[in-house]
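*Asks:* just to be clear, the model below is a prediction. Sequence and coordinates:
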Amino acid sequence: MWIASAARMKEIDRRATEEFGVSIAALMEQAGRAVFDAMSETLPPPARVAIFCGKGHNGGDGFAIARLATLSGYEVEVLVAARESELAPATHQQYQMCRDYQVPVFFYDDPAWTLKSECVSCRDIVIDAVLGTGANGEVTGAALDAIIAMNQGGVPVISIDVPSGIHADTGEDLGESVWAMRTVTLGLPKPCFFQGIGLEHSGYWTVDSIGLPPGLLHESTGVKLVDPESVGNLIPERMKSSHKGDHGRVLIVAGCAAMPGAALLCAKGAVRSGAGLVTVAAIPSVCQTIASALPEVTFLPLEEQDGAISPASSAIILREAHRFDSAIFGPGLSMTPGVGEFLGAVWADWDLPSCIDADALNWVAKGITPPRYESIFTPHPGELSRLLRTTTAEIQGDRFGTVRRAVDEFQRAILLKGPFSIIGDRGLPLSANPTGNPGMASAGMGDVLSGMIGTLLAQDLPPYLAGIIGSYWHGVAGDLCAEQIGLVGYRASEVAITIPAARAKITASCEAHSDSVYSGSRRLPFMPMPSPKSS
């Protein structure tokens, strides 16, 4: 499923009406039905509903919901953040239909509007239909008052398309924005769900096609949401006659005296994701730590200097490189000066596909030239800020643009970690990963991920696809932990344990639903989920 900017959605709407004959009224009806269904799943009738409408087409969707809710037995009040004369023609038609069904409607110039807006806490649920994807300036006037009333009401809010006051493209707050429990977005996901404050304010979001022509929704926008079917189809299969040499020989260059656990977690990620052979190249104390916890791993002991890998160890790595199919550099390596010298010497002649992570990325930021051979960088926002010499806030405010910039600057695949990790590479669309949950924001998760990506590289997947599959698979493993253990407090080592079960879940889902279409919803295992809608 593609992710669409506000301008792209405007063009899709235009083409739907002009080229395919889909009326605005029909789209409003479909949007109203989609949000009404979401509301009904959350809170069935009879319940008290406040619907805040704007003057544009989002307001028309809100009026359609009001009519459907009234007919279904809800107690409905509509508060319009505009005067009647300001309503768009299609929105005014929806208002007139509401009036025919005697739905109580209060316009902004009605003295009762303020009183009703101050009583939002008396309702059971609120529908936010004030501002849509066209909002791009600071929120003022009636729209601002409506947003404040919804936020202060303390009642669950369902937003239509995007939360009012959130810029659809950047996710930035336009002065004040709705904090939604859920967002039903129309047509395609919007960039604001993946960056800026929109990532939080959108809550749990789903997508409904609202009758837009499928051909328009399937055209490339340059940014795609990863779907389970494609991941399931791309995960390497095992032949009955295969042996360990067929499934990748992974070299992990990681760890130091102060951080042996990073190398261990990386090795666990590689082993549990199905590498045929995993070898850790590290100083003796790190090798000893891993040997006692993970007997399946073999070792390439390296010389030590100041508790980390010495520069002289580069000769050992280069001499043994031919034995491996991929490499992982970085977890727990440390920033001891000798490590930088070691990496510079190794990478100057390196010819294996590699995952560059953690401290290895920090050395790149300090000027060490990365391998010329194909590789993937897997930074978190702090590491990428050092690589691009910018701030973490700037990265989080434009995650798609930042990944494009990093791809251009470093000419290799980039995986920006975080909620909805984003993967990019030269000449390919950006991909956003929908799996994972907030419990994964803890130490060691990235080390496990790098081990998984190293395995996929060793199994002949290109870096871009290894990043997509690895991040999706890793997120599913985290979601299983959240289901089985709890949302907060499970460990990276527990995520590693669930990697095989996550693989089985992905492949089974792909087989069971090969004829279905992914809804594009961000599905978290700890939240009640409705049945997915086709889009």
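*Replies:* That came through fine. Numbers count the residues shown, from 1 in each chain.
*Asks:* can you tell me the helix or strand for I414?
*Replies:* strand 413-416 (DSSP states H and E).
*Asks:* strands paired with that strand, and their directions?
*Replies:* strand 375-377 (parallel), strand 422-424 (antiparallel) (DSSP bridges).
*Asks:* average model confidence for stretch 125-139?
*Replies:* Stretch 125-139 comes out with an average pLDDT of 96.
*Asks:* can you start the count at 535 instead of 1 from here on
*Replies:* Okay, residue one is now 535; in that scheme the one you just asked about reads as stretch 659-673.
*Asks:* end to end, how far does that stretch reach?
*Replies:* End-to-end span of stretch 659-673 (Cα to Cα, to the nearest Å): 23 Å.
*Asks:* buried set for that stretch?
*Replies:* Within stretch 659-673, the residues that count as buried by 16 or more other Cβ atoms under 10 Å are I659, V660, I661, D662, A663, V664, L665, G666, T667, G668, A669, V673. To be clear about C-beta, it is placed using only N, CA and C from the backbone, and glycine gets the same treatment.
*Asks:* could I get the strands paired with strand 947-950 as TSV with distance to A947?
*Replies:* Output for the strands paired with strand 947-950, formatted as TSV (distance: least, Cβ to Cβ, whole Å):
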stretch	distance to A947
strand 909-911	4
strand 956-958	7
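*Asks:* so for E854, which of those strands sits nearest?
*Replies:* Judged by Cβ to Cβ, the one of these that comes nearest to E854 is strand 909-911, at 18.6 Å.
*Asks:* after the closest one, next one along is what?
*Replies:* As the chain continues past strand 909-911, the following element, by DSSP H and E, is helix 915-922.
*Asks:* could you export that next one as PDB, CA atoms only?
*Replies:* What follows is helix 915-922, C-alpha atoms only, in PDB (Å, rounded to 0.1, in the frame of the first residue of the first chain):
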ATOM      1  CA  PRO A 915      17.900   8.900  14.900                       C
ATOM      2  CA  GLY A 916      20.800   9.800  17.100                       C
ATOM      3  CA  GLU A 917      23.300   8.000  15.000                       C
ATOM      4  CA  LEU A 918      21.900   9.300  11.800                       C
ATOM      5  CA  SER A 919      22.000  12.900  13.200                       C
ATOM      6  CA  ARG A 920      25.800  12.400  13.600                       C
ATOM      7  CA  LEU A 921      26.200  11.000  10.100                       C
ATOM      8  CA  LEU A 922      24.300  13.900   8.500                       C
END
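*Asks:* what's in contact with stretch 1003-1010?
*Replies:* With Cβ atoms under 8 Å, 6 or more residues apart in numbering as the test, stretch 1003-1010 has contacts from 760, 762, 765, 768-769, 807, 949, 951, 955, 957, 967-971, 974, 979, 982-983, 986-987, 990, 995, 1029, 1033, 1036-1037, 1039-1040.
*Asks:* G594 contacts A622, doesn't it?
*Replies:* Yes: contact criterion Cβ atoms under 8 Å: G594 and A622 qualify, at 7.0 Å.
*Asks:* more neighbours: these two, which one.
*Replies:* More crowded of G594 and A622, by other Cβ atoms under 10 Å: G594, with 30 against 17.
*Asks:* what sits against that one?
*Replies:* I558, M562, C587, A622, A624, T625, Q627, Q628 are the contacts of G594 under Cβ under 8 Å, 6+ apart.
*Asks:* by neighbours, which of those residues wins?
*Replies:* Counting neighbours by other Cβ under 10 Å, C587 comes out on top of those with 31 neighbours.
*Asks:* now the helix or strand containing M986 and helix 915-922, what's the angle there?
*Replies:* Secondary structure assignment for M986, by DSSP H and E: helix 979-992. Helix 979-992 runs at 60 degrees relative to helix 915-922, counting by axes from the mean of the first three to the mean of the last three Cα atoms, to 10 degrees.
*Asks:* hmm, back to that, out of the strands paired with strand 947-950, flag the one nearest L1021.
*Replies:* Among the strands paired with strand 947-950, the nearest to L1021 by Cβ to Cβ is strand 956-958 (23.0 Å).
*Asks:* mind listing residues that contact that closest one?
*Replies:* Identification of contacts with strand 956-958 by Cβ under 8 Å, 6+ apart yields 728, 933-934, 937-938, 940-941, 947-950, 964-967, 998, 1001-1002, 1005.
*Asks:* and D883, what element?
*Replies:* Counting by DSSP H and E, no helix or strand carries D883.
*Asks:* so how far is stretch 880-889 from its chain's centroid?
*Replies:* Stretch 880-889 sits 30 Å away from the centroid of its parent chain (Cα atoms, centre = their mean, to the nearest Å).
*Asks:* distance between the ends of that stretch?
*Replies:* In stretch 880-889, first residue to last residue: 14 Å (Cα to Cα).
*Asks:* could you do stretch 965-972 as well?
*Replies:* End-to-end distance of stretch 965-972: 20 Å, with Cα to Cα as the criterion.
*Asks:* pull out the buried positions in that stretch.
*Replies:* S965, A966, N967, P968, T969, G970, N971.
*Asks:* could these go into TSV alongside distance to L733, pLDDT and secondary structure?
*Replies:* Compiled in TSV, those are given as follows (distance: Cβ to Cβ, whole Å; pLDDT from 0 to 100; DSSP: H, G, I helix; E, B strand; the rest coil):
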residue	distance to L733	pLDDT	secondary structure
S965	17	98	strand
A966	11	98	strand
N967	13	97	coil
P968	12	96	coil
T969	15	97	coil
G970	13	97	coil
N971	13	96	coil
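*Asks:* please consider this matter closed, and thank you.
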